[in-house]
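generate coordinates for the sequence data below:
(chains A and B)
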Amino acid sequence: MEAFLHQVFSGLATGGIYASLALAMVMIYQSTNHINFAQGEMAMFSTYLAWSIVQTGMPFWIAFVLTIAISFVVGLIIERVVIRPVENAPVLSVVTVFIALLVILNSVAGWIYTYTIKTFPSPFPAAPPFGNKFISSHELGTIGITLVVLVALYAFFRFTPLGLAMRAAAQNPNSSRLVGIRVGWMLALGWGLAAGIGAVAGVLVAPVIYLEPNMMAGVLLYALASALLGGIDNPFGAVVGGFLVGVMENLLGAYLIGTELKLTVALAIIIIVLLVKPSGFFGKVLVSRV
Amino acid sequence: MSEAMKNPTVKLAGVLLVILAATALPFFISNYRVFQFNMVLVYAIVLLGLNLLTGYNGQISLGHGAFYAIGAYVAAIMMDRFGLPYWSTVPAAGIVCFVVGFLFGLPALRLRGHYLALATFALGVAMPQLLKYKHLEAWTGGVQGIVIIKPDPPFGLKVTPDQWLYLYSLAIAVVMFVLAWNLLRGRVGRAMVAIRDHPVAAEAMGVNISLYKTTTFGISALYTGVAGALGAIVVQFVAPDSFQSGLSISFLVGVVIGGVASISGAIYGAFFIQFIPNFADHISKAAPWAIYGLFLLFFVYLMPFGVAGTIRWAMARMRGVPV
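Numbering: from 1, shown residues only, chains lettered A, B, ... in the order given. Okay, the predicted model is just below:
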């Protein structure tokens, strides 16, 4: 029972990371209907950035905030420069651009930081909190930060005029433009936010899986599975999906199939969700008009 | 010459000339170069298959490396575990991949655009892990992979094994290209394109969308599997890590750069993905992918129809046709 609870809690912790990355994807999907394949590599790059800043001797939390801020700006710039020109292009062009971003970010990271695996410090104490046996401080911290991010985002979208404008731009770009919302900039802002959330996910996962340019491939796949499971157009669903997938991954890995087929589990989740319930648990069912 | 380019006889003569030159090629270059050009042929078949699916039928696949891997493993297992001759593995790999592709095409029916790209992407990423799976190790050789022995030329022909394999691949490539051209110019090809351009209208015209889409998926996988088997024999080695998701991405790069929805584009794309990484490797280990990425962006923004499209455009300009 103890081992089982331990698996559940550490599943919730990795689930928090999937949830953050899934949330970043939902942000972009909601406003543009694009699935950002480069989300994982953007997060990876942010994590390297955090590593560099920590290396200069800056305290962890300042580096953390700085990384999120820089990622936000870079995400904004990527949207403006790279994504903007293909806003109305066919799907294949958009996917190709995302893939191009993915490989460029990946190889530039390899170029600058080399492919050797680096350790990344955890900001949380090594000893488990309150002397419990089920959950480590880093795991608890990860869950906590994910929830804080979620609440902050909810408050932003629900209670600020800018959040309202962003929701409006995503829902009905034409009418939004008529009432004076700068739709293009709202999309860019969405990308910036997504990049910032991705940075959070990267920094939280790096102490667990170590830092290297390909670290995010598995995480990205699981985040995609989470986003789909929860409903790709629902931020709340993405978070629930993230936690669910995290726990599922851990329990399946510990009791059923071992760790060798972890990526295959993600593939299976993606295919099953798409087959059985393409809109996920909380997503809107799409109806197309002839 | 500009008027003559439109004439089908001239076109046919041009194609025959290219095939003739390609046949003569291995007798003038080193064995290593023969190997490289052999891989160009292999990639050309893959890109043609992927183009049938993505270019003509509008189904995006970021996971064709998985079908390539299956084809390669079918060949390796048949040759290594059962001692079957190399030439028998190519059709077998094609058939196995057709079935797998057809089956994968069934769930793919419900997915469009980004979702399909997503599902196939997951397939490509998960494939190496599946190949390493311990219960399949007796067949696949696990992480170690399988070493294949290079076949000798038959009938006592006075050519090196590399030259023979090249000629064999060339023959298969020519057959595959003729079949694809034949498929695309008729009723089936028109139906495929109609489904890509306007599924509702296509259905209203009586096109059985599900059947066409899954079959196209199967045929595309068949092409990729045939190429995978050839590639395994040429490289003489298969291992899970040769089929990482990067392979699928190279295929997409090849299609976009060669030219989406173009038969000749497959050849330009194959040259690109075979030779550009070689040049780029001299700069840095990370450079090939950075260069791939930059080329992708460049083509999407400035030459969305790839090399083939640009050549077509230039020809039309030379003829004075307004474009």
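
and the longest helix for chain A?
What stands out as the longest helix in chain A, according to DSSP state H, is helix A:2-32.

and the next helix or strand past that one?
helix A:39-55 (DSSP states H and E).

quick one: that following helix to helix A:2-32, angle?
Counting by axes from the mean of the first three to the mean of the last three C-alpha atoms, to 10 degrees, helix A:39-55 lies at 110 degrees to helix A:2-32.

buried stuff in the helix or strand just after helix A:39-55?
Sequence-wise, the next helix or strand downstream of helix A:39-55 (DSSP H and E) is helix A:60-78. By 16 or more other C-beta atoms under 10 Å in any protein chain shown, the buried positions in helix A:60-78 come out as A:63, A:64, A:67, A:68, A:70, A:71, A:72, A:74, A:75, A:76, A:78. To be clear about C-beta, it is placed using only N, CA and C from the backbone, and glycine gets the same treatment.

for helix A:60-78, what is the average pLDDT?
Throughout helix A:60-78, pLDDT has a mean value of 92.

same question for stretch B:110-128.
So the average pLDDT for stretch B:110-128 ends up being 81.

out of the buried residues of helix A:60-78, who's nearest chain B?
residue A:78 (11.6 Å; C-beta to the nearest C-beta).

next one: the closest residue to that closest one other than its chain neighbours from residue A:86, what distance?
Computed as C-beta to C-beta, 6 or more residues apart in numbering or on different chains, the closest residue to residue A:78 that is not its neighbour in sequence is residue A:191, at 6.3 Å. Distance from residue A:191 to residue A:86, counting by C-beta to C-beta, to the nearest Å: 13 Å.

who has more neighbours, these two?
Per other C-beta atoms under 10 Å in any protein chain shown, whichever of residue A:191 and residue A:86 has more neighbours is residue A:191, with 27 against 20.

name the helices or strands packed onto the host helix or strand of the more buried one?
Per DSSP H and E, residue A:191 falls inside helix A:183-209. Contacting helix A:183-209 under the criterion 3 or more C-beta pairs under 8 Å, 6 or more residues apart in numbering or on different chains; DSSP states H and E are the following elements: helix A:2-32, helix A:39-55, helix A:60-78, helix A:137-159, helix A:161-171, helix A:173-178, helix A:216-230.

so of these, which one's packed in deepest?
Highest mean neighbour count among those (mean count of other C-beta atoms under 10 Å in any protein chain shown): helix A:216-230, with a mean of 28.

check which residues of whichever helix or strand comes after it are buried.
Next in sequence after helix A:216-230, counting helices and strands by DSSP H and E, comes helix A:235-251. By 16+ other C-beta under 10 Å, the buried positions in helix A:235-251 come out as A:235-250.

mean confidence score for helix A:235-251?
87.

could you check the angle helix A:2-32 makes with that helix?
150 degrees.

what about helix A:235-251, near chain B?
No: judged by C-beta under 8 Å from any C-beta of the partner chain, helix A:235-251 and chain B are separated, with a smallest distance of 13.0 Å.

so what does that helix touch, helix or strand wise?
helix A:2-32, helix A:137-159, helix A:216-230, helix A:262-276.
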